[in-house]
Every structure is written in structure tokens, then in C-alpha cells.
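Enquirer: next one to model:
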Amino acid sequence: MIRLAAALLLAAGSIGAAPSPAATSPDAAALATLQRDDHRFQSLGWRLATANAPYCAHAAPAIGLLLQDMRAYGDPARMRRAAGIEGDIAVEAVAAGSPAEAAGLSPNDEIIAVDGAAIASFPSDSAAPWQRGVTLQERIEAAMARDGHVTIDWRARDGQLHSKVIAGVPACPTRWELHESGDDALAEGTRVVIGRDHPTFAYADDELAALMAHELAHNIFRHRDWLNAHGRKQRDIRRTEREADRLMPWLLANAGFDPAAAARWMRHWGPKHDGGILRKRDHEGWDERLEAIEAEIPLVRAAMAQTGRADWKAGFRRDIAP
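Expert: Coordinates of the predicted model:
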């Protein structure tokens, strides 16, 4: 996973301003705050994606690593100083419980090579500074698809060089991207993108996981492709939204969360943010959505009591024909 941020306003001032020695500490603190949020986001996403892999039709090996390209920022040199690295590619976050964490990778470790190719062999395009991140991500995914593992070479923060072959574990194939601003939550087929200003980031972990589960459900069921093929009628968009709502408790339960967290999230978020009479017409009202979620929870609990797993492939009723 590669974080594709386009710009960053650090605590010491404008990213384009000439840095002073005094700016180092505030910059590093601001970066640490971003990395803390990314760690939370990636770790919750990792739990959801790996725990539900047995039921995802296109599960693929993953290692839980989020990288950062300093050239994607307005002042790469300043970002390098904040991270304490000499090159451009560093670890932004490592998902808790992931193979990348087990391998010893940590935030601000500098990546030297990916799958045997030195970082220097991946040139940065000044017209599209985000492209190198995509290329690196694709190289990791290609290695995982080919061999089930990838070799990562890095320089740790203590200066020691490491090279490890990291084996992936099955995960529902979704990249988790936390954007610097905005309050949207979107499923884009292979990505879940949520803005840092989304109110759910102030909620408990299980409620944030509920929002993420809703977006993951869209990707699992390939709703975007289905709508593109069938037309984006308001009625059909509502059906996909309802289906994603109903799958939330199943995804949460497999990831070790209380499935009722999906209902708690809707009660918490809905009354203030649903929009009331001004809400999007392609979504039902929050109370209707809550009713659909709550109807699903007993089915999830019954499945868990019987087998210890929330097998939604066997127990979930689809709202649309796949």
C-alpha cells in the first residue's frame, strides 16, 4: 500500500517556506501525528481484509505495509529531514499483526529496494509525482501474486541495513488510503479512500471499523462494476448501499469486533450527518439503514454461535444479483 498524499502543511508553517533548524522538531511531530493516524487506519483495515479473506472471491496475499514517497510533497527535502532519511521512499505505517510488522519494519525506515529492484531504478515524474508510488505498489503486488512473497531491503532508523523475504497472507484485495483533508468515504473498486476530516475518526475503533467495513463491502461485491454495467439508477444505487450496510456486521464479527458496532456507528453518525431532507437521494435515511443493519445482527450471532465464523458467503442474502 502506498500513501498518495499530494501536499502537506506541517506545523512549522507553509511547506514551501525555507526551513530553519528550529523547524525540525515540529515537522517531525506533525509527521508522527500523521503516522499515528495511518497506523490506526491501516491496522483496522488489515483486520477486516484478512479476517474476511476466506469468503472473498479474489483474496490475494498482502503484507500490511504502507510506504511514503517524499517527492509527492511540495518540499521533499523538508519531508526527508522530518523522517530522518536520505532517500525518497520510507515506511509510513505498518499494520498491527501483519507480516511487515513481524519482519521488523517500522515508520521512517528507508526503503532501499523492492523485489530486487533498487529504488533508484524507479524514477520520479515531476508532472505526476504520485506515479512512482503506484509503480512500487504494483511491483509489490506482482511479486505477491507470482510467488506469495516479496523481498524488501531497508535501512532502519539506527542505520542498520536489512533484507528480508516477507511472505504474504490472504486478504480481501483493497488498498486503504487516508487522505489529508475532506470528509468523504469512497469505495473505488480496489481502494477505500476516507478523508481525515470524516467525523467517524473521533469515534471508537469498532465504529471506525464499521464505516470501513461498509466501504470494503462495496469492493467485495464489486458494486462499482455492477452499477457501471446496469446503469446508475437511484433505485440501484440504494440497493448497493443497503447491501453494504447489511454486510457490515458480518465483516466486523470475523475481524473480532462486536457486530452491533455497526448499529452503534449508525446511531452515532446518522442523526447529525445523514442530511435529513437534504440527504442524498441515493441513500435511505439513517433510521431505515439502522433497521436493516439491526435485522442482520441476529443472523451473524447465530452463525458465530454455530461455527465460530460469520460465513457471509453461506448466510448472507444478496440484494442484487451478482
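Enquirer: hang on, residue 241 in a strand?
Expert: No. Going by DSSP: H, G, I helix; E, B strand; the rest coil, the assignment for residue 241 is helix, not a strand.
Enquirer: the residue nearest to it when sequence neighbours are not counted: neighbour count?
Expert: Of all residues beyond its chain neighbours, the one nearest residue 241 is residue 283 (5.4 Å), with distances taken as CB to CB, 6 or more residues apart in numbering. C-betas here are computed from N, CA, C, even on glycine. By other CB atoms under 10 Å, 17 other residues sit near residue 283.
Enquirer: I figured residue 283 hits residue 292, correct?
Expert: No. Judged on CB atoms under 8 Å, residue 283 makes no contact with residue 292 at a distance of 11.8 Å.
Enquirer: please enumerate the helices of the stretch 201-322 of the chain.
Expert: Counting by DSSP state H, counting those that start in this stretch, the stretch 201-322 of the chain has helices at residues 205-220, 223-230, 234-254, 261-273, 286-307, 312-315.
Enquirer: deepest of the ones you listed, which one?
Expert: Highest mean neighbour count among the helices of the stretch 201-322 of the chain (mean count of other CB atoms under 10 Å): helix 205-220, with a mean of 24.
Enquirer: helix 234-254 and that helix, what's the angle between them?
Expert: 130 degrees (axes from the mean of the first three to the mean of the last three CA atoms, to 10 degrees).
Enquirer: export helix 205-220 to CSV, keeping only CA atoms.
Expert: The C-alpha atoms that make up helix 205-220 are tabulated as CSV, following Å, rounded to 0.1, in the frame of the first residue of the first chain:
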residue,chain,number,x,y,z
ASP,A,205,-12.1,1.9,16.9
ASP,A,206,-15.0,-0.5,16.4
GLU,A,207,-17.2,2.3,15.0
LEU,A,208,-14.5,3.5,12.6
ALA,A,209,-14.1,-0.2,11.6
ALA,A,210,-17.8,-0.2,10.9
LEU,A,211,-17.5,2.7,8.4
MET,A,212,-14.5,0.9,6.8
ALA,A,213,-16.5,-2.3,6.6
HIS,A,214,-19.3,-0.6,4.7
GLU,A,215,-16.8,0.7,2.1
LEU,A,216,-15.0,-2.7,2.0
ALA,A,217,-18.4,-4.4,1.3
HIS,A,218,-18.8,-2.2,-1.8
ASN,A,219,-15.4,-3.5,-3.1
ILE,A,220,-16.1,-7.1,-2.1
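Enquirer: packing partners of that helix?
Expert: The contact analysis (3 or more CB pairs under 8 Å, 6 or more residues apart in numbering; DSSP states H and E) places helix 205-220 against helix 24-51, strand 185-187, strand 191-195, helix 234-254, helix 261-273.
Enquirer: can you list the low-confidence ranges for the stretch 1-150 of the chain?
Expert: For the stretch 1-150 of the chain, the stretches flagged by pLDDT under 70 are 1-25.
Enquirer: show me where it has helices.
Expert: Using DSSP H, counting those that start in this stretch, helices in the stretch 1-150 of the chain cover 24-51, 76-83, 99-103, 131-147.
Enquirer: out of these, which is closest to residue 60?
Expert: Set against residue 60 and scored by CB to CB, the helices of the stretch 1-150 of the chain come closest in helix 131-147, at 6.3 Å.
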